[in-house]
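# no sequence for this one, just the structure:
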């Protein structure tokens, strides 16, 4: 089930809200768990048992690690739990990729497994892993209540596309949380804005990207339009989903971590990754980069650690070479920045933003193409190689038709709308006007998003495949 | 205003919208048909353990929920308004309005579809047309968008390329170019079809190349039923209806129309008022979708016959060709298997005209 779908908005969500708020406090997590299983089962009925098995494994591992704390057995359980989680992820997500490459290198024909990728497996696997590791490190206590633990992993707001919520972030809220008027209103605001970002901006930009993919003739301008549209699409798609997840979390009394903080404003790639998919970046930092030694190692080892982390980050996004290349591309940029570029960028106020935007656009071209050859074609187009014309009539049409959407998206990717809203509330009259306008605007946003959903058809989130 | 009131306002407005639309969705009687889109709407899917396990129920439910959402047409209108007026997009789902015309952009030349159409024509040629003394002709009707796109800055199909591709594949037929005889105003404003009263020159050109007579003393009549064409419903915004005008003459009044839609011969009419009041008023012409139909002209001064392989555009054009033929047989191979035609038609020395719109050729999967 998709957040941006009529069944979720007008069938599932109202039922869950009614059940949740009418249930006694001690039953609330059970209501959330059952709802989450229905939510997951709706889109992935065959794999619900896989998720429940992973949850059970994580739950028992946590208890066993705590029981054997201080003994070698605890490490054994941790290793076993990690092997099971990563083994399942590897089997369902990466097996065919490795078999295919193995066959290419050896010339053998090992048959592919051809198993469908379970929705959200990367997200819930990382949540379970972080929990087990945190219990082993003694950062959190093992959860004894299976319902609470299962509700944490399967919680539908963040189940299929994040953010990756650490157990430590919500451990106390799983036991006891308060539901306030301000929390509910904030949740609604964030959710509806996220819905608008996904439906009104990301999906529309997706049409432009499809037009580029299907175009018989391309041009330099069209390549740039595509690269910009794709970067903005994926930002609005993913951050929109994260906003909806965070908003729903607030409605149910949870505080999920922020996942995006205006990444396109960054002055370096290092900063970009502190603002983009924050929950994934911090996960790799805390559970891979730092355990590998982080920055407190020799320069050579440090570079090696960076390569490993970013190759894994790329691979996490998908089992394809373009994702690995994408990760390594960022690894190279981050290394260059750490070695010498950062200090120069700090002095170049405007150039550093141009550099980041350019680097990010190129990265998303690599990211967007399933085939590295296609990515190379688009990159050549961007920089005028390959004999493409500057522009053609067809592309003029797309520029005129999508120009305002692109501008709106670019404006929306900055903090300016938020600052304008804050500024408006600084005067007494402005505050009153804002209070009156806010529910109207939110209502219109919900209705307009509904209109797009009614008019359109199936529109899956891009991050589902991860 | 205190924060508490602000928060309350947000919660109340959103709760009212969500609860109101949800309850309305759940309790309303499902509609069977969308007249705007001219299609059956999805109904609540039947469920079974199997359909739940393999996800079919969920897929069907998604479709049902979107199809049966309350105020569906109004929501579609809101979406069109947002796309075209707020975000200033130049089309809404491929549809746009220019110079009072509604038109759809069909931009991609679909080679496999053209290949399929050519393969079907080749089959007809090999099976029925290659042996006798028949004269074979072919003409492709340009879509209205071809005339509007350049002027309005929209995109269109490469009509010349489509024609060239089809001509290459149908070298056994004489091609008749009618594109220069048409302009946007020769088509209905809200529909894809051409107007009968505006295509006399097309009929004359076709007849001229085929060596037949065309023209005559026609009277222009006006149908008193407003015609909301196919684009009118798709557009989801308010549009003025078209007027259907039709031509009559002494010869047309005497014509005998016979339909073979059930396999047996049934008397029919050139202009069907009953159909004009139905879902697609353009079916007024020759009763719309008919697999096999004949028009006999008792006043004809010739015994020549024409076999017209056609799509819906042929319905309004065929009556304009009766002056030159004693009998016209209209065949629509979307509704009859080509392999069955030998049982109904004697292919001897007739003229044969393949008359198809570029839109149909570019989406030819229905040709059988």
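Thanks, I have it. Fair warning: this is a prediction, and the values are worked out from it, not measured in the lab.

# in terms of contact, does residue A:322 touch residue A:366 like I think?
Yes. Using CB atoms under 8 Å, residue A:322 makes contact with residue A:366 at a distance of 5.7 Å. Every residue, glycine included, has its C-beta placed from N, CA and C.

# So which bits of the stretch 51-200 of chain B are right by chain A?
B:52-55, B:58, B:61-62, B:65-66, B:69, B:72, B:75-76, B:78-80, B:82-83, B:87-91, B:93, B:107-109, B:153-155 (CB under 8 Å from any CB of the partner chain).

# From these, keep the buried residues only.
B:58, B:61-62, B:65-66, B:69, B:72, B:75-76, B:78-80, B:82-83, B:87, B:89-91, B:93, B:107, B:109, B:154-155 (16 or more other CB atoms under 10 Å in any protein chain shown).

# sec struct for the residue in the stretch 51-200 of chain A that chain B sits nearest to, please.
Proximity of the stretch 51-200 of chain A to chain B (CB to the nearest CB) peaks at residue A:185, 3.6 Å away. For residue A:185, the assignment made with DSSP: H, G, I helix; E, B strand; the rest coil gives helix.

# and if you look at residue B:31?
Assignment for residue B:31 (three-state DSSP): coil.

# separation between the spatially closest residue to it that is not a sequence neighbour and residue B:366?
Computed as CB to CB, 6 or more residues apart in numbering or on different chains, the closest residue to residue B:31 that is not its neighbour in sequence is residue B:41, at 5.4 Å. Applying CB to CB, to the nearest Å, the value for residue B:41 to residue B:366 is 22 Å.

# nearest residue to the residue of the stretch 101-250 of chain B found nearest chain A other than its sequence neighbours?
Relative to chain A, the nearest point of the stretch 101-250 of chain B is residue B:155 (5.4 Å; CB to the nearest CB). In space, and not counting its chain neighbours, residue B:155 is closest to residue B:107: 4.5 Å by CB to CB, 6+ apart.

# can you point me to the longest helix in chain A?
helix A:220-251 (DSSP state H).

# Next, the buried residues of the following helix or strand past that one.
Per DSSP states H and E, the first helix or strand lying C-terminal to helix A:220-251 is helix A:269-275. Neighbour-count burial for helix A:269-275 flags A:269-273, A:275 (criterion: 16+ other CB under 10 Å).

# what's the helix or strand that helix A:269-275 is followed by in contact with?
The helix or strand immediately downstream of helix A:269-275 is helix A:278-284, counting by DSSP H and E. For helix A:278-284, the surrounding residues in contact (CB atoms under 8 Å, 6 or more residues apart in numbering or on different chains) are A:126, A:130, A:162-166, A:257-261, A:273-274, A:309, A:312-313, A:316.

# Flag every buried residue along helix A:278-284.
A:278-284.

# any chance of those in CSV, plus distance to residue B:129 and pLDDT?
Below are the buried residues of helix A:278-284 laid out as CSV (distance: CB to CB, whole Å; pLDDT from 0 to 100):
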residue, distance to residue B:129, pLDDT
A:278, 69, 93
A:279, 68, 92
A:280, 65, 91
A:281, 69, 92
A:282, 72, 92
A:283, 69, 91
A:284, 69, 91
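
# Can you give me the end-to-end span of stretch A:148-163?
Start and end residues of stretch A:148-163 are separated by 19 Å (CA to CA, to the nearest Å).

# what's the offset of that stretch from the middle of its chain?
From the chain centre to the centre of stretch A:148-163 is a distance of 14 Å (CA atoms, centre = their mean, to the nearest Å).

# what do you get for stretch A:436-444?
28 Å.

# With chain B in mind, check whether it reaches it.
Yes. Contact between stretch A:436-444 and chain B, assessed by CB under 8 Å from any CB, occurs at A:436, A:438-440, A:442-443.

# Helix, strand or coil: sort out the residue of the stretch 101-250 of chain B closest to chain A for me.
coil.

# Just list the residues touching the residue nearest to residue B:155, thanks.
Going by CB under 8 Å, 6+ apart, the list of residues near residue B:107 reads A:394, B:155-157.

# just residue B:170 next, same as before
Counting by CB under 8 Å, 6+ apart, residue B:170 touches B:118, B:121-122, B:138, B:354.
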